[in-house]
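S.K.: when you get a sec, could you give me coordinates for this:
(one chain, ligands or ions: 1)
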Amino acid sequence: MATQEETFKKLVSHCKEYGFVFPSSEIYDGLGAVYDYGQNGSELKNNIKKYWWDAMTRLHENIVGIDAAIFMHPTVWKASGHVDAFNDPLIDNKDSKKRYRADVLIEDEIAKLDDKIQKEIDKARKRFGDKFDEAQFRATSQHVIEHQTKRDQLHDRYKKAMNDVDLAELKQIILDYEIVDPISGTRNWTDVRQFNLMFSTEMGSASDSASKIYLRPETAQGIFVNYLNVQKSGRMKLPFGIAQIGKAFRNEIVARQFVFRMREFEQMEMQFFIKPGTELDWFAKWKQIRLRWHKALGLGDNKYRFHDHDKLAHYANAATDIEFEMPFGFKEVEGIHSRTNFDLGQHAKFSGKKIEYFDPETKESYTPYVIETSIGVDRMFLSVMCAAYKEETLEGGDSRVVLSLPAALAPVKACIMPLVKKDGLPDKAREIENLLKFDYNIQYDEKDSIGKRYRRQDAIGTPICITVDHDTLNDNTVTIRDRDTMLQQRVNISDLPRIVEEKVSFKALLQKVAQD
Ligand code: GAP
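M.R.: Numbering: from 1, shown residues only. Sure, this is the predicted structure:
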């Protein structure tokens, strides 16, 4: 059986071969951690965005959407703290000349110790079978106790160093735990330095009048600076939310795992403005609402977990990640943060404008608090693809690669196939295409054997294939074939719009999310 790593490699090449994701500027050998979405990838990505946008703006009458510009006044980033504090702690290995994030090196070491503990537990579970008591084993196994103590000590030191922004201590941890460069295998490290992640450019034509501006590293600030505009023009009452989807840019040093960590990526963010003092209740509610949104896709409830932050930003009073089980472990897909009144307060201070809310009930004015939900489109795309990618052996020894995508997200909803390229079957197939194409992204395919055509559609996750044969000309029926079960069924052409709608519509998905 293929390892997780091998399967992930196959998924990456599948993404390229079937028009989901291409390396950027590939004919010039690509550009590090920048990717282009192809004909199927962009459809899938658009569907993810639609699912999120509709769940936010249609299922909540107090959430509206905006689309702010990428370029913003440079003072925005001073006020938000990004100019001074949006840094990664970097360390170089003098032998390999490679640069790493010091925090990532240490987190990888913690993950290695977690793995060792898990291996001991798995071994013991196999040995003792049903009688195995994990809690007792953890408390008594000498090996587990040793690994756990080492892990906890490392974790505590790391947490403190990150909270204190103590770069010397980060380096000392790397030395004390004998963390080696994965390439050179040596411990010949430089000091740890801070590196700002924002990209900058110049706006204006004449060099003397041009000003330095930044490509936004998060979409959230476009929402904060429009808080008053939306509140006033929409006559919004607290609590209310502003949602936005858009590009963000970060000069990531450790860019890896395909579209998981990119330099140009897309975010779907929502800032929920609330009365101070209610934030922890809203934080708990938004955790559940967002988890329900993820689970409604049916990728597997056991593939999600919350990871509460050890290191809270100084302005946050709660933060968690929704992690998804990728082939390379549980990884953050979405962040949910209780950001207090920090951002609005900072913008009020730096702009000199009063940014408050007048509460008509209490007749008081105050700066609202904010709960933020922030999800990366590309990470969502990756989690959907990882869960959907399957290699199956079929009866008779044949095999197929199938993407079991949630039908509402599939790039192509149905493919119409005339059995042969003659006898009027293509014309009939085109009629069916016309029946469906105004509502759905449909393909028409008349090339190669039906079996080959099915495989092509399986590989891009098309939920339904519709075959037109000679009987169709007499009785207006077609064969529909289900992607996952491969079962075939004879149906009337007039029933196709209903059948396709029931299979691929967003409605059922949104209804699941709306349940309380
Ligand atoms: N406004 C809050 C914020 O930006 P974040 O945790 O830095 O918080 C939110 O980012 C989400 O954006 C992450 O959970 C992730 O899905 C996505 N994201 C962040 N950096 C990314 C990168 N370099 N490549 C792809 N997605 C990224």
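
S.K.: contact distance from the ligand - what residues of this structure qualify?
M.R.: Contacts of the chain with the ligand, taken as Cβ under 6 Å from any ligand atom, map to 218, 220, 250, 252, 261-262, 265, 267, 269, 332-335, 372, 374-376, 378-379. (Each C-beta comes from the backbone N, C-alpha and C, glycine too.)

S.K.: so which of these sit within helices?
M.R.: If you go by DSSP state H, these have A220, D378, R379 in helices.

S.K.: the first one contacts I375, correct?
M.R.: Put plainly, it is A220. No - between A220 and I375 there is no contact under Cβ atoms under 8 Å: 12.0 Å.

S.K.: on that earlier part again, what subset of the residues of the chain next to the ligand is buried?
M.R.: 218, 220, 250, 252, 261-262, 265, 267, 269, 333-335, 372, 374-376, 378-379 (16 or more other Cβ atoms under 10 Å).

S.K.: those helices in the stretch 151-300 of the chain, which residues are they?
M.R.: Here the stretch 151-300 of the chain has its helices, by DSSP state H, counting those that start in this stretch, at 167-176, 220-224, 227-233, 279-295.

S.K.: give me the buried positions along the third one.
M.R.: By 16+ other Cβ under 10 Å, the buried positions in helix 227-233 come out as Y227, L228, V230, Q231.

S.K.: now the second one: closest residue in space, sequence neighbours ignored.
M.R.: When you say that, I think you mean L228. Closest residue in space to L228, ignoring its immediate chain neighbours: I355 at 5.9 Å, by Cβ to Cβ, 6 or more residues apart in numbering.

S.K.: count the neighbours of the one you found for me.
M.R.: By other Cβ atoms under 10 Å, 20 other residues sit near I355.

S.K.: do the same with K287
M.R.: Around K287 there are 18 residues (other Cβ under 10 Å).

S.K.: check contacts around the closest residue to it other than its chain neighbours.
M.R.: Leaving aside its chain neighbours, K287 sits nearest to I336 (5.7 Å; criterion: Cβ to Cβ, 6+ apart). Listed by Cβ atoms under 8 Å, 6 or more residues apart in numbering, the contact partners of I336 are F283, W286, K287, R290, A319, T320, D321, I322, I371, E372, T373, S374.

S.K.: tell me which of the residues you listed is nearest to Y177?
M.R.: D321 (24.3 Å; Cβ to Cβ).

S.K.: which phi and psi does that closest one have?
M.R.: When read as degrees, to the nearest 10, the backbone of D321 gives phi -110, psi 150.

S.K.: and if you look at R99?
M.R.: The phi/psi pair for R99 (degrees, to the nearest 10) is phi -110, psi 140.

S.K.: repeat that for T340.
M.R.: Per degrees, to the nearest 10, the backbone of T340 is at phi 50, psi -150.

S.K.: and G204, what are its phi and psi?
M.R.: With angles defined as degrees, to the nearest 10, G204 sits at phi 110, psi 150.

S.K.: from what I see, it and P74 are in contact.
M.R.: No - with contact defined as Cβ under 8 Å, G204 does not reach P74; the gap is 12.0 Å.

S.K.: the two - which one has more neighbours?
M.R.: P74 (15 against 10).

S.K.: let me see the contact set for the residue lying closest to that one once chain neighbours are set aside.
M.R.: Once flanking residues are discounted, P74 sits nearest to I213: 5.3 Å by Cβ to Cβ, 6+ apart. Going by Cβ under 8 Å, 6+ apart, I213 touches F71, M72, H73, P74, S200, T201, E202, M203.

S.K.: check which helix or strand the residue lying closest to F20 once chain neighbours are set aside maps to.
M.R.: Nearest non-adjacent residue to F20, counting by Cβ to Cβ, 6+ apart: G41, 3.7 Å away. Using DSSP states H and E, G41 falls within helix 39-57.

S.K.: partners of the helix or strand following that helix in the sheet?
M.R.: Counting by DSSP H and E, the next helix or strand C-terminal to helix 39-57 is strand 63-66. Strand pairing for strand 63-66, using DSSP bridges, gives strand 240-249 (parallel).

S.K.: kindly state the pLDDT recorded for whichever residue of the stretch 1-150 of the chain sits closest to the ligand?
M.R.: Distance from the ligand to each residue of the stretch 1-150 of the chain (Cβ to the nearest ligand atom) is smallest for A33, at 7.5 Å. pLDDT, A33: 93.

S.K.: mind telling me which residue of this structure is nearest the ligand?
M.R.: Nearest residue of the chain to the ligand: G376, at 2.5 Å (Cβ to the nearest ligand atom).

S.K.: neighbours around V144, how many?
M.R.: Other residues lying near V144 total 20 when counted by other Cβ under 10 Å.

S.K.: A strand includes it, no?
M.R.: No - V144: not assigned to a strand; according to DSSP: H, G, I helix; E, B strand; the rest coil it is helix.

S.K.: that one: what's it in contact with?
M.R.: I117, E120, I121, F137, R138.

S.K.: how close does the second one sit to D359?
M.R.: E120 sits at a distance of 56 Å from D359 (criterion: Cβ to Cβ, to the nearest Å).

S.K.: higher neighbour count, these two?
M.R.: Between E120 and D359, counting by other Cβ under 10 Å, E120 is the more crowded of the two (19 against 14).

S.K.: please name the nearest non-neighbouring residue to E392.
M.R.: R400 (5.4 Å).

S.K.: just to revisit the earlier point, dump the helices of the stretch 151-300 of the chain into a markdown table; add distance to K437 and mean pLDDT as well.
M.R.: Putting those into a markdown table (distance: least, Cβ to Cβ, whole Å; pLDDT from 0 to 100) gives the following:
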| stretch | distance to K437 | mean pLDDT |
| --- | --- | --- |
| helix 167-176 | 57 | 96 |
| helix 220-224 | 35 | 98 |
| helix 227-233 | 37 | 97 |
| helix 279-295 | 29 | 97 |
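
S.K.: redo the ones you listed as CSV? Include distance to P497.
M.R.: Listed next are these as CSV, based on distance: least, Cβ to Cβ, whole Å:
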stretch, distance to P497
helix 167-176, 60
helix 220-224, 39
helix 227-233, 38
helix 279-295, 28
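
S.K.: winner for burial among these?
M.R.: Mean neighbours per residue, mean count of other Cβ atoms under 10 Å, is largest over the helices of the stretch 151-300 of the chain for helix 220-224, with a mean of 23.

S.K.: what does that one contact?
M.R.: Contacts with helix 220-224, where a contact means Cβ under 8 Å, 6+ apart, come from 66, 68-69, 72, 76-77, 80, 216, 242, 244, 246, 269, 271, 343-344, 347, 370, 372, 374.
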